[in-house]
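[1] Pasted the sequence and its predicted model underneath.
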Amino acid sequence: MNSYIFFPLLTITAVLISGCSQISHDVPRPESYDAAPVSKSAPFLRKKSKTAAAANRIFEAEANRQMAYTASFTLTVKDTADAAAFIKMQAQKSGGYVVSSNQFSVTAKIPVGKADEFVKMLSNSGKLSDFAMNAEDLTDTITDLNVRLDNLKKLRTRLTALLDQAQRVEDILKVEKELNRITTEIERLTAQLQNNQNKVALVTFTINLNTHTPAARDRNGVLRYYPFLQTSLCSTAAGDESEPLFDTVLPADFINAPGGKCGVYTAAAADDCFLVMQQQDIPDDSSLDFWGGMIRRALQTYHNFSEVKVEKCVWDGNDALLLTAEKTTVSGEISYMLLITIDRNCWCSDKLNMMELSGGKTAFAGHKNTLLEKSAVKF
C-alpha cells in the first residue's frame, strides 16, 4: 500500500482514539443511600403468605435497575464459635461464601436472590438486632462501561485492519503502540465491569456475634452490685491524673494520656498498648481472693475474655493477685493483665488498687515483663 493512502487512515484512527480516550475519563460516580435500620418487625422476620413475602423482599431492585446491596446486623447467640460455623454452612447452602470469620464477626457474600432467605435462617438461630442495609445504584455505571468497552473493541478491530495494511516500519510501530494501549484499557474496563457485576449479584453481609450477656449477668448475682467491674475494667478512656499512681515507674515506651476520668491514670504506647491505674472503694475487710474471683468472672461475663488465669504474687511488699487473659476481636488477638492489691490504710474505706495493661499479643508480652519488673512484683 502507498504511504499517501495510509496516512489519511491513520489520521482518522487518531481522531477515533482521541474521542474514546476522552470518554474513559468521564465515568459517573454512582449515588448511594442509607436505608433506615430495619426493626425486628422487618418483613423477613414476620410470617407472611408466599405472595406477601415476595412483595416485601428486602434485597430486590426495581425493574431495570442494577443495585449493589450491603447489610449488617448483630446476632446474639449462646455460643459465638458455633454461630460462626453455622453461618458458614448457611452461606454455602445459599450458593455464597464466607470472606472472613472469627469468633465475633463474620463477613459473607450471598447471591441476591437468596439473601432474604439467608437472613431469615439466621434470625431463627438467635436474636437478630441492629439491622441496617445500604443500596448503591450501579445501573448507569454498568451501562457506561458496556458502551465504552463496545467502542474500544470496535476501535481495536479497525486498528488491526490498519496494521494489516501498513507497510512502513514507522507506521506499523505507531499502530501497534495504539493497539497495546487500547488492549490495556479494554482489560482494565473489563475488570471494572466484572467487579460491579459481582457487587450486584452478591449481597455483602457483616454479621456481628454476641453472647447472651444479660442472662449471664442475672446468673452471676452479686456482679451487678459493683458497676466498676463492668465499666472500669478494660477501659482505654483517658484519665485526669498527670502522674502514675502507686509510685509506679512508667515504662519508657509509654506517654501520659490525661484529660478524662477522675482519679484514673492512663498511658499509651505507639504500638497500641494501654496502661491504666486506678483505685476503687470496696467494702471494708473484703478479701483479696474475693475480688480476684469477682474480677475473673467479670472479665469473662462482661468483657468476653477466655481462660482467665489468677496467680498470687507480692506487689510492693503487699499480697497481690495477677490476672491474665486473652480474647480474639475483629482487630486481632488481645492480651490483658490486671494487678490488684488492697490498700487498708485509707482513712475512709478500703481501696482496691488496680493496674491494667492490654494490647496486641506480641507488643503486650514485652511491655508486661518490663512493667512487672519496674513495679517490683515477685512471685
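    Structure received. These numbers come from a predicted model, not from an experiment.

[2] Any figure for the gap between Gly293 and Leu323?
    Taking Cβ to Cβ, to the nearest Å as the measure, Gly293 falls 10 Å from Leu323. Using the backbone N, CA and C atoms, a C-beta is placed for each residue, glycine as well.

[3] which residues are common contacts for these two?
    Val310 (Cβ atoms under 8 Å, 6 or more residues apart in numbering).

[4] Of these two, which one has the most company?
    When neighbours are counted by other Cβ atoms under 10 Å, Gly293 and Leu323 differ, and Leu323 comes out ahead with 22 against 13.

[5] Just give the nearest non-adjacent residue to the more buried one, would you?
    Leu338 (4.5 Å; Cβ to Cβ, 6 or more residues apart in numbering).

[6] so that neighbour, which of the three states?
    strand (DSSP: H, G, I helix; E, B strand; the rest coil).

[7] cool, and Ala63?
    coil.

[8] Might you report the residue contacts of Ile334?
    Contacts of Ile334 by Cβ under 8 Å, 6+ apart are 326-328, 358-361.

[9] can you tell me how far it sits from Ser232?
    Ile334 is 17 Å from Ser232, by Cβ to Cβ.

[10] residue boundaries of the strands in the stretch 101-250 of the chain?
    Listed in chain order, the strands of the stretch 101-250 of the chain (DSSP state E, counting those that start in this stretch) span residues 105-111, 127-137, 202-211.

[11] mind listing what's buried in stretch 261-278?
    Neighbour-count burial for stretch 261-278 flags 261, 264-269, 273-278 (criterion: 16 or more other Cβ atoms under 10 Å).

[12] Just the residues contacting that stretch, thanks.
    232, 235-241, 243-246, 248, 250-251, 253-258, 260, 279, 354-360, 363-364, 367, 371.

[13] re earlier: so which of the buried residues of stretch 261-278 are in strands?
    Counting by DSSP state E, the members of the buried residues of stretch 261-278 that fall within strands are 264-269, 274-278.

[14] Was I right to think Ala135 contacts Ala68?
    Yes - at 7.1 Å, Ala135 counts as touching Ala68 under the criterion of Cβ atoms under 8 Å.

[15] higher neighbour count, the two?
    Between Ala135 and Ala68, counting by other Cβ under 10 Å, Ala68 is the more crowded of the two (24 against 19).

[16] Checking my notes, that one in a helix, right?
    No - secondary structure of Ala68 (three-state DSSP): strand, not part of a helix.

[17] Could you measure from the closest residue to it other than its chain neighbours over to Leu193?
    Take Ala68 and drop its neighbours on the chain: the residue closest to it by Cβ to Cβ, 6+ apart is Lys199, 3.7 Å away. As judged by Cβ to Cβ, Lys199 and Leu193 stand 11 Å apart.

[18] and the two? which has more neighbours close in?
    Counted by other Cβ under 10 Å, Lys199 and Leu193 do not tie: Lys199 has more neighbours, with 22 against 17.

[19] Can I get stretch 168-180 as PDB, trimmed to CA atoms?
    Extracted in PDB, the C-alpha atoms of stretch 168-180 (Å, rounded to 0.1, in the frame of the first residue of the first chain):
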ATOM      1  CA  ARG A 168       6.300   1.200   6.600                       C
ATOM      2  CA  VAL A 169       8.000   0.200   9.800                       C
ATOM      3  CA  GLU A 170       7.300   3.600  11.300                       C
ATOM      4  CA  ASP A 171       3.500   3.300  10.600                       C
ATOM      5  CA  ILE A 172       3.500  -0.300  11.900                       C
ATOM      6  CA  LEU A 173       5.100   0.800  15.200                       C
ATOM      7  CA  LYS A 174       2.600   3.700  15.700                       C
ATOM      8  CA  VAL A 175      -0.400   1.400  15.200                       C
ATOM      9  CA  GLU A 176       1.000  -1.300  17.400                       C
ATOM     10  CA  LYS A 177       1.500   1.200  20.200                       C
ATOM     11  CA  GLU A 178      -2.100   2.300  20.000                       C
ATOM     12  CA  LEU A 179      -3.300  -1.300  19.800                       C
ATOM     13  CA  ASN A 180      -1.400  -2.000  23.100                       C
END
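
[20] now that stretch: how far from the chain's centre is it?
    49 Å (Cα atoms, centre = their mean, to the nearest Å).

[21] if I pick the residue nearest to Leu323, what's in contact with it?
    Counting by Cβ under 8 Å, 6+ apart, Leu338 makes contact with 233, 295, 299, 322-324, 354-356.
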